[in-house]
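Enquirer: Would you be able to build a 3D model of this:
(2 chains)
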Amino acid sequence: MWLNANNKELQWFLDSAAVYWEKNLPEPADDAVILVEAFHQDIRVTLRNFAYANALRKLRPARMVVFTGVEDAWRKTLWSGFDVGIVRQIAEAFGASETIDVWEFVRQNGQGSPDLDEATLAENTNATYCRLAKVPALPANYEQRADYRQRRRYADGLAAFYEGQFRQNVVALVTSHVDYDQWGLAVEVARRNDVPIIHTQQTGCMKAYGLFPENDTHTGTFRAELTEQIGAAFETQVWSRRDELRPAAELIAWRAKVNLGRPSWWRGGATASVDLNNPAERARLRSSVVTRLGFDSDRPIITVFNHAVSDALGTNRELFPSLAEWFSQTAAFAAEHPEAQWLFLEHPSQALYDATGFFDSLAKQYKKHKHIAFRPSATLSKNALWSLTDLGVTVRGSVSNELPAYGIPVIQAGWSEWSSCGLSTVVDDAEAYFKTLEESINQIREGADLVTEEQVRRARLWLWLYRSGTDVVTPLVPQWEVWPADVLLKVLRATFRHIESDADPLYAAVERMWTRKEPMLTRTDWSA
Amino acid sequence: MDAQGADADPDGLVRVIGAWFTTEYDEPRAILDLPVEVDSGQDDALCIVDQVVRGTGIIGRVTGEFGAVALKIRGRGRPVHVRVDLQLDELSTRWWNDRVQAPRLQAERPRLVLIRAQGEIRGAAVLARRQGWRAAGSAHATVEFELPAGELDGDGLLVVELAEAPRPSWSDGRVSPRSALGLRIDTIFVRETPPPTAAAPRPTGCDLAVLQPGDPAAFRLDISTVPLAPPVARTPSTPLTRRRPPRAAFKLGRIASRVVVRAGSQALPERPGAGLGVLAADLRNGEPLAVEVTARRPGSLDVRLAAPPAGPVLIGLDAPHPGLSCRIVR
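Expert: Coordinates of the predicted model:
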């Protein structure tokens, strides 16, 4: 773990955590075990796993086994400061009975021979390889490359290790990520062993999704299963009480507009707040902004939001073989459709995900097309973006929630957490995607409104669900923005030392989710 | 959740979007009555900012290549006179260099920006700081224009934008790239009648100047000397340079180079201008314009364009010299 904290502060935190959990966790009566991962270097990520796992252990006494470690490529690309020693200390303070350096084990035991099917192993390897090499797709001769073959061997080793672990009496797997080899394979092995998977989220206070074996249809990826369950829960629990929730949804829509609650987590500061209030104001600003792009304000503008191109490839349903393929095919389509103007926006964190200059090379390719513009996202304020965009296009980006909440239509070329909640237009295949684009352009030119009032309300309710309904406020997990490390540790020390633990909202929420096998941890009891 | 303002606008295409921009928690807009003077980013009537950080004693500072602010004003359907005060100060150059990262030894260059209102070009400004022995003074520019009748009624929104200007090739290397970045918008005045006295012409502090649309085709160009500019200061960005002892050393180095450059500037001629020619370009498209020098005096030229400028026109000396300053006297 990378923890830029004062040593003394860390020690106080560890001592107070150890005392707190020692008195709050019941002794397990059997050999039950909860498996928890700690592969991420940010303590806020691991803290959420431990908090959930311990809340579950209060309910179902079990030992906690922690998986950690770091492999060279992970260290090189992402986690230069990962310190297994600190993970061990924190795990111990949170009452773990064992902390296993998984990567050390895999390195020492060489190639494993897992039962997991070849396709799943290859998918995880490919996604991990792309992410760590920061490339949008596998290179042509990837199977001959030594680094790829190494990755593939690691996948075998990891899967074999996890299969061994899941032969125990496992109550649950608690994991912050569900993609890439070190997490993804654990999730796949858990699914095959009918073990519930708790997927904690890296935002808000305590947020978690859960996939229970009883609800797992095994027809899609973990995220695809979840998308459908979230959609169903949204329909029966949230949309059905839209009238009652309206004031809360309106308030959160306002807060998201002025950048409270970090609606687009990657965009902060003065350019993240939206001031526009009506079509007239939008039109005024639009007439200024279009000239910067060489566009005409009277013709439709379609904004295509690029993704971090190597981010969790194939993790949910997608219409195109890769995110980069989607983006470049959309650009090719745009080149042939000058009846609209196309703004291709780069992802603000792309430097962490792409070392190939994918966006720039595409921009160069279409440089001559006056109706197409390529821009880094941060060169346009949100006001400018909202004034321009007549139709947003993404695969799974958060704009597909944000824009419809304010009446801007969005087409999704894939699934996301909220894609079954009816906020955006989610298309089924590549053919339908291009057809929908074409139809939408025609409708915009005819002056049609592509977003219904119902979609707007659904989108605002999703904002509420995401930021409030499924965000459990507990002193055991300070809000994500409580940072830097010293501040977080101090706040947690105060919690462990001075707040009485009985009836902590986390325990009640976890109990509800666990006993009812709900796909989401919820702030309140929806059945009440 | 009613769709406020759905029918408020205009003709043309794509006007349905925006009806859902409001929530039940949005406050009604403050609208100013004429005459208007806004000098703070906290003013309620300053309702929209686009790549501008709101200030307290000023309207704001531009954070990108373009920056716009919008004021909500109750127009009366008559023409209005708008005045925009801009400033280039030390922080402007810091903000600029933090984002542009100019070469370490490149001297500070003048800024050239277009001023647009309601999406149309209304004027331009050149700003160059006056360099001193220890620091540089701020450069100020004022741009005034008439907004024709009808442009401010209806929605009552006045959008003022600082924008990158299309430039002629002869200005290469003479103007800052991303000129608007870091500039201050100090104050915006909107009145029904222009103030009776126009401001006295000021030297630009560099070998460039601008004519505003509607200025006469013939004018006098006064040329004087100014101290040379040292490179723009850099904000320390590495763990090493951020520490105190190295920072002090960097600061000393900066002051030393400033003194050297300033001392070198003493060698400039007192009354320049002999043998100098003039170039001109239309800032709406960067196209060069025909221009002739009709008379020469020491330190001053009489210049004539083929026609009165329809858009802002950039005037520059044909032999670039960072130690010369121009003043247009109409």
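Enquirer: Hmm, residue A:377 and residue A:348 touching each other?
Expert: Yes: Residue A:348 is within contact range of residue A:377, at 4.9 Å (criterion: CB atoms under 8 Å). The way it works is simple: take the backbone N, C-alpha and C, and place the C-beta from them, glycine included.
Enquirer: more crowded one of those two?
Expert: Using other CB atoms under 10 Å in any protein chain shown as the criterion, residue A:348 and residue A:377 rank with residue A:377 on top: 20 against 15.
Enquirer: Distance of that one relative to residue A:385?
Expert: Distance, residue A:377 to residue A:385, using CB to CB, to the nearest Å: 8 Å.
Enquirer: what do you get for residue B:249?
Expert: Remark: distance between residue B:249 and residue A:385 (CB to CB) = 43 Å.
Enquirer: More neighbours: those two, which one.
Expert: residue A:385 (24 against 11).
Enquirer: tell me which residues in stretch B:153-167 are buried?
Expert: Going by neighbour count (16 or more other CB atoms under 10 Å in any protein chain shown), the buried part of stretch B:153-167 is B:155, B:156, B:157, B:158, B:159, B:160, B:161, B:162, B:163, B:164, B:165, B:167.
Enquirer: same thing with stretch B:99-108?
Expert: Going by 16+ other CB under 10 Å, stretch B:99-108 has these buried residues: B:102, B:108.
Enquirer: what about stretch B:83-103, how long is it end to end?
Expert: End-to-end distance for stretch B:83-103, by CA to CA, to the nearest Å: 35 Å.
Enquirer: what about the stretch 1-150 of chain B, any weak spots by pLDDT?
Expert: Residues of the stretch 1-150 of chain B meeting the criterion pLDDT under 70: B:1-15.
Enquirer: The stretch 301-450 of chain A too?
Expert: Using pLDDT under 70, nothing in the stretch 301-450 of chain A is flagged.
Enquirer: just chain A next, same as before
Expert: Short version for chain A, where the test is pLDDT under 70: A:1-2, A:262-271.
Enquirer: Okay, domains of it per the record?
Expert: A:7-207+A:473-516, A:237-467 (automatic domain parsing).
Enquirer: Does stretch A:441-450 reach chain B?
Expert: Yes: on the criterion CB under 8 Å from any CB of the partner chain, stretch A:441-450 is in touch with chain B at A:444, A:445, A:447, A:448, A:449.
Enquirer: out of those residues, who's nearest residue B:240?
Expert: Closest approach to residue B:240 among these (CB to CB): residue A:444, at 53.5 Å.
Enquirer: Make sure the closest one is indeed in a helix.
Expert: Yes: per DSSP: H, G, I helix; E, B strand; the rest coil, residue A:444 lies within a helix segment.
Enquirer: contacting residues around stretch B:275-283?
Expert: Stretch B:275-283 is contacted from outside by B:112, B:114, B:121, B:124, B:165-168, B:170-171, B:210, B:221, B:223, B:287-291, B:293, B:301, B:303, B:305, B:309-319, using CB atoms under 8 Å, 6 or more residues apart in numbering or on different chains.
Enquirer: If we use 7 Å, what do you get?
Expert: Stretch B:275-283 is contacted from outside by B:114, B:124, B:165-166, B:168, B:170, B:221, B:223, B:287-289, B:291, B:293, B:301, B:303, B:305, B:311-319, using CB atoms under 7 Å, 6 or more residues apart in numbering or on different chains.
Enquirer: which pair in the residues of stretch A:441-450 next to chain B spans the largest distance?
Expert: A:445 and A:449 (12.9 Å).
Enquirer: Identify the bridge partners of residue B:208.
Expert: According to DSSP bridges, the residues that bridge with residue B:208 are residue B:316.
Enquirer: Give me the neighbour count for it.
Expert: The burial count for residue B:208: 23, using other CB under 10 Å.
Enquirer: go on, residue B:183?
Expert: Applying other CB under 10 Å, we find 26 other residues in the vicinity of residue B:183.
Enquirer: for residue A:218, same thing?
Expert: Counted by other CB under 10 Å, the residues lying close to residue A:218 total 8.
Enquirer: Would you mind listing the residues in contact with residue 162?
Expert: By default, I'm working from chain A. In this structure, residue A:162 makes contact with A:185, A:186, A:189, judged by CB under 7 Å, 6+ apart.
Enquirer: wrong one, I was asking about chain B
Expert: The contact partners of residue B:162, taken as CB under 7 Å, 6+ apart, are B:62, B:66, B:67, B:113, B:115, B:180, B:183.
Enquirer: isn't the last one right up against residue B:91?
Expert: No: when contacts are counted by CB atoms under 7 Å, residue B:183 is not listed as touching residue B:91 (10.3 Å).
Enquirer: Determine how far the helix or strand harbouring residue A:16 lies from the middle of the whole chain.
Expert: Residue A:16 is located in helix A:7-24, with elements delineated by DSSP states H and E. Offset of helix A:7-24 from its chain centre (CA atoms, centre = their mean, to the nearest Å): 30 Å.
Enquirer: Report the buried residues of that helix.
Expert: For helix A:7-24, by 16+ other CB under 10 Å, it's A:9, A:10, A:12, A:13, A:14, A:16, A:17, A:18, A:20, A:21, A:24.
Enquirer: can you redo the residues you listed as a markdown table with distance to chain B?
Expert: Output for the buried residues of helix A:7-24, formatted as a markdown table (distance: CB to the nearest CB, whole Å):
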| residue | distance to chain B |
| --- | --- |
| A:9 | 21 |
| A:10 | 22 |
| A:12 | 27 |
| A:13 | 26 |
| A:14 | 28 |
| A:16 | 32 |
| A:17 | 31 |
| A:18 | 34 |
| A:20 | 36 |
| A:21 | 37 |
| A:24 | 40 |
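Enquirer: what's the burial count for the nearest residue to residue B:322 once chain neighbours are set aside?
Expert: Using CB to CB, 6 or more residues apart in numbering or on different chains and skipping the chain neighbours, the partner closest in space to residue B:322 is residue B:228 (5.6 Å). Per other CB under 10 Å, the neighbour tally for residue B:228 reads 21.
Enquirer: Can you classify residue B:228 as helix, strand or coil?
Expert: Relying on three-state DSSP, one would call residue B:228 coil.
Enquirer: got a list of contacts for the lengthiest helix in chain B?
Expert: For chain B, the helix with the greatest residue count under DSSP state H is helix B:244-264. Residues outside helix B:244-264 that contact it (CB under 7 Å, 6+ apart): B:131, B:133, B:134, B:227, B:228, B:230, B:233, B:236, B:240, B:241.
Enquirer: Pull out the buried members of these.
Expert: Buried residues within the contacts of helix B:244-264, counting neighbours by 16+ other CB under 10 Å: B:131, B:227, B:228, B:230, B:233.
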